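Chemist: have a look at this prediction, sequence included:
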Amino acid sequence: MAFAIEAEGLVKEFKGGIRAVDGLSLQVEAGTVFGLLGPNGAGKTTVVRILTTVFLPDSGRASVLGHDIVADAETVRANIGLAGQFAAVDENLTGLENLRMIGQLTRLGRRQAIARANDLLQLFELTDAAKRIAKTYSGGMRRRLDLAAALLHSPSVLFLDEPTTGLDPYSRQSLWGVIEELVNEGTTVLLTTQYLEEADRLAKVIAVVDRGKVIAEGTPTELKATLGATVIDLEMSSTDQADRVSTLLIEKTGKQARLVGASVKLPLEHGPSQVRELLQILEVAGLMPEHLNLREPSLDDVFLTLTGHMAEASTEGGRK
Amino acid sequence: MSLTVTTHPEAVAQRGLPRFFSDMLVVTERNLIALVRLPQSLFFSSIQPIMFVLLFRYVFGGAITVPGRAYVDYLMPGIFVQTVAFGSIGTAIGLAEDLQKGLIERFRSLPMARSAVLAGRTSADLVRNIGVLILITVVGLLVGFRIQAGIWAFLGGLLLILIFAYALSWGFSIIGLLAPNTETAQVMSFPLLFPLTFASSAFVPVQSMPGWLQGFANNQPFSILVDAMRALSNGGPTSAYVIRALVWSIGILVVLAPYAASRFRRSF
């Protein structure tokens, strides 16, 4: 199996001794989407910045298409595209000027850069806005322009740092479509996201990152399977009741349930056959749920189990 | 249309001077487009110096007497230097803004010459300074400034100021790299520029200042540039002034440009 991206033991520390990346390793199979999933501050953005040669790692090594990201950074840059979560477009240039500039800086000639820019503007439905300055673009338009900028030189490895954070559902869907098309054409994509749905839909392999380390890795199905076949959600009438159920379950079954508000979530290794036993325990204690729901585990469950906290939606990174 | 090529031939990195110059021109062009489009940057680089000409010519000028010449002839060389000096804040702000907005991050992921980011910024500022100096010359002539030393000496003086301004741009790019945002870049620039600009021979004779200030005012680079420009436009002996001005400009450039470049490489 050919790996398009390999990293081993990457470490990056920032001023003040914050270890953003703490011994992270990963391998990305060529022509697939690899999802780095993690909460804010998990170190995802820093990993992307290291792999795209923006930052130097403090220790560890990594390569893209077999080229070392430090020793042969120039070759790496010639073969990668980066779209960051902050949509790094020049606000004072028009869409076309932005793409022409990036095209020229990625070694297309001016004429070739303009031709390719026009193609990409059309593809991302920005032709009408091509001659407007980017300052007037909506959030979704900026993201599309940013992604187009990452594609100018047809890179074979694409890094997308939270590409859909802050996008409306329609824009998100259409971006996903573009990413799928790119992968069909042979592009390798490393994607960071806080959205489990996004990782589930796009990624062949997901690495769950927390505090700068990979804490679990596998296909979405494998990750969900680690939780067992079924998850039961018990909707209690109050958070207080939910707390009591959680304590009770540890006492009687030794299992740690997770609490989200007034609902208690418990993986069932043996599937629905355990439900009766569970309900008996609750009935004896007088803690019957208002509703209950049996379902397949979601990546949300995996995430919560592994990290002990929810994926939160806020912003990470900025200038470090 | 295809998004990418179906088979990805591996791209080979280009290196060397042709790439550097090509990238420098692309970045320069980009910065100049922004300069023309942003009303605030046009204001700071053109309207503000014009206001200083009018302020000193018509408001303060009447109260200032200088020996042996009209105040407007004394003033304009000072205005030229002050204009390019204040303009170099633009270098700091522009770089800080690019960093803040993530553009530098994108540049660093591209197969471009990294040094072209700073070189393109300072080159754009050089072009801006050429335009602004022409504008201020015209405004000066309109308010009574007369070139007595001959046109070639005067043009030589402007060239000297441009070299100085280019060196200052590299110096202020360091502030742009250090500042966490544009506001801080501006705040960090003024305490440097104010004493150098006003405790100098730019607007009033140094002899009118208290003794303790004269030592600084006589020997700091802004005064030396102003004195050289004054000799090259008002007439009088020039070579000693010009040599000192060149030494300062080249000295600043040789020390600060490599420092800025290494700062740019290391700050990630």
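Modeler: Everything's here; your move. These numbers were taken from a predicted model, which means no experiment stands behind them.
Chemist: return the nearest residue of the stretch 51-200 of chain B with respect to chain A.
Modeler: residue B:102 (3.7 Å; CB to the nearest CB). Just so you know, the C-beta spots here come from the backbone N, C-alpha and C atoms, and that holds for glycine as well.
Chemist: now do the contacts for residue 242.
Modeler: Going with chain A. The contact partners of residue A:242, by CB atoms under 8 Å, 6 or more residues apart in numbering or on different chains, come to A:234, A:236, A:259, A:261, A:262, A:263, A:264.
Chemist: chain B is the one I meant
Modeler: B:156, B:160, B:228, B:231, B:232.
Chemist: so which bits of the helix or strand of chain B at the bottom of the mean pLDDT ranking are buried?
Modeler: Lowest on mean pLDDT, DSSP states H and E among the helices and strands of chain B sits helix B:39-42, with a mean of 76. Going by neighbour count (16 or more other CB atoms under 10 Å in any protein chain shown), the buried part of helix B:39-42 is residue B:41.
Chemist: name the helices or strands packed onto it?
Modeler: helix B:17-37 (3 or more CB pairs under 8 Å, 6 or more residues apart in numbering or on different chains; DSSP states H and E).
Chemist: in terms of secondary structure, what does the helix it packs on contact?
Modeler: With contacts taken as 3+ CB pairs under 8 Å, 6+ apart, helix B:17-37 sits against helix A:95-105, helix B:39-42, helix B:71-100, helix B:115-142.
Chemist: report the distance from that helix to the chain centre.
Modeler: Here the centre of helix B:17-37 is set off from its chain's centre by 17 Å, with CA atoms, centre = their mean, to the nearest Å.
Chemist: next: stretch A:167-184.
Modeler: How far stretch A:167-184 lies from its chain's middle: 14 Å, per CA atoms, centre = their mean.
Chemist: would you mark the buried spots in that stretch?
Modeler: A:167, A:171, A:172, A:175, A:176, A:178, A:179, A:182, A:183.
Chemist: also near chain B: which of the residues you listed, exactly?
Modeler: When contact is defined as CB under 8 Å from any CB of the partner chain, the buried residues of stretch A:167-184 meet chain B at A:178, A:182.
Chemist: picking up where we left off before, the contacts of residue A:242: which two are farthest apart?
Modeler: Within the contacts of residue A:242, A:234 and A:261 form the most distant pair, 11.7 Å apart (CB to CB).
Chemist: report the contact partners of residue A:6.
Modeler: Counting by CB under 8 Å, 6+ apart, residue A:6 makes contact with A:26, A:27, A:28, A:62, A:63.
Chemist: pLDDT (mean, whole number) over whatever helix or strand the last one lives in?
Modeler: If you go by DSSP states H and E, residue A:63 is part of strand A:59-64. In this model, strand A:59-64 carries a mean pLDDT of 96.
Chemist: now check that strand, is it near chain B?
Modeler: No. Using CB under 8 Å from any CB, we find that strand A:59-64 stays clear of chain B, coming within 10.6 Å at best.
Chemist: just stretch A:113-120 next, same as before
Modeler: Yes. For stretch A:113-120, a contact with chain B is found by CB under 8 Å from any CB, at residue A:119.
Chemist: how far is that stretch from where the chain is centred?
Modeler: With CA atoms, centre = their mean, you get 29 Å for stretch A:113-120.
Chemist: show me what counts as buried in that stretch.
Modeler: In stretch A:113-120, counting by 16+ other CB under 10 Å, buried: A:113, A:114, A:116, A:117, A:118, A:119, A:120.
Chemist: and residue A:23, that one's in a helix?
Modeler: No. Remark: residue A:23 does not belong to a helix; assigned using DSSP: H, G, I helix; E, B strand; the rest coil, it is strand.
Chemist: counting neighbours, what do you get for it?
Modeler: Counted with other CB atoms under 10 Å in any protein chain shown, residues neighbouring residue A:23 total 14.
Chemist: for chain B, see how far away it is.
Modeler: 20 Å (CB to the nearest CB, to the nearest Å).
Chemist: and for residue A:26?
Modeler: Distance from residue A:26 to chain B, counting by CB to the nearest CB: 18 Å.
Chemist: hang on, the earlier thing: these two touch, right, the residue of the stretch 51-200 of chain B closest to chain A and residue A:88?
Modeler: Yes. Using CB atoms under 8 Å, residue B:102 is in contact with residue A:88, at 3.7 Å.
Chemist: quick one: which of the two has more around it?
Modeler: Legend: neighbour count by other CB under 10 Å for residue B:102 and residue A:88, higher for residue A:88 (24 against 20).
Chemist: run the chain-centre distance for the lowest-mean-pLDDT helix or strand in chain A.
Modeler: Least confident element among the helices and strands of chain A, by mean pLDDT, DSSP H and E: helix A:299-307 (a mean of 73). Relative to the centre of its chain, helix A:299-307 is centred 14 Å away, using CA atoms, centre = their mean.
Chemist: that helix packs against which elements?
Modeler: helix A:196-202, strand A:205-210, strand A:213-218, helix A:220-225, strand A:258-260, strand A:263-268.
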